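Engineer: Need coordinates for the below:
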Amino acid sequence: MLTRQAEAPVAGEGIESSRHETDVVVIGAGLSGVAAVIALHRAGFNNVVVLEKAGRLGGTWRDNTYPGCGCDVPSVLYEYSFAPNPWTRCYADQPQSLRYLETTAATHGADKAIHYDTEVLTARWNPETHRWDLETTAGTYAARVIIVATGPAIPTSPGLKTSLAPYSTPPAGTMTPTCPDAALL
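Structural biologist: Below you'll find the predicted structure:
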């Protein structure tokens, strides 16, 4: 059973730096990973670690920097309900979207849970300990729960089954975003 913790364990305080014990591991520090850790913290689960293979959070907004890169849907659809943003454009560009994610992660403390430059190599369920054992480029982790928040880059690993739910969009004309160039819709 998952229990709420006051503080996450810290390396050097009874935990070896190469093995990390935690309640929840979130894989990926993009929009979904940041949302997951914030939701877990708000629910009182503080023993959470986010494993991010890159050196910076941001997911698609970090990785895609080509000229003209930006939202192809109204930016309010990328906005967290608990962190409204005064978008300067209905279809925000990549830098503004990335800044929003970084600012929101810092404001809500999600950035402190992220272990950067840590790629997950394997994830195996251990039926004896009832925990996930994860091998990464920065050591091993053991967690009661893993949340895969890698977007379309779903990892494959022994013991990790994946499935995609059907994707659907709202019917045309049912959304009325409030942003400066909404008339373009």
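Engineer: Touching, Trp132 and Trp125? I think so.
Structural biologist: Yes. Taking contacts as CB atoms under 8 Å, Trp132 lies within contact range of Trp125: 5.8 Å. Using the backbone N, CA and C atoms, a C-beta is placed for each residue, glycine as well.
Engineer: the more surrounded of those two?
Structural biologist: Neighbours per residue, other CB atoms under 10 Å: of Trp132 and Trp125, the larger number sits with Trp132, 21 against 14.
Engineer: so who does the more buried one touch?
Structural biologist: 25, 123-126, 141-146, 159 (CB atoms under 8 Å, 6 or more residues apart in numbering).
Engineer: Just give me the longest helix of the chain.
Structural biologist: In the chain, with assignment by DSSP state H, the single longest helix is helix 94-107.
Engineer: Which positions in it come out as buried?
Structural biologist: 94, 96-98, 100-102, 104-105 (16 or more other CB atoms under 10 Å).
Engineer: Which residue lies closest in space to Leu121, excluding its sequence neighbours?
Structural biologist: Spatial nearest neighbour of Leu121, excluding adjacent residues (CB to CB, 6 or more residues apart in numbering): Glu135 at 4.6 Å.
Engineer: Following element in sequence after the host helix or strand of that neighbour, please.
Structural biologist: Using DSSP states H and E, Glu135 falls within strand 131-136. Sequence-wise, the next helix or strand downstream of strand 131-136 (DSSP H and E) is strand 139-148.
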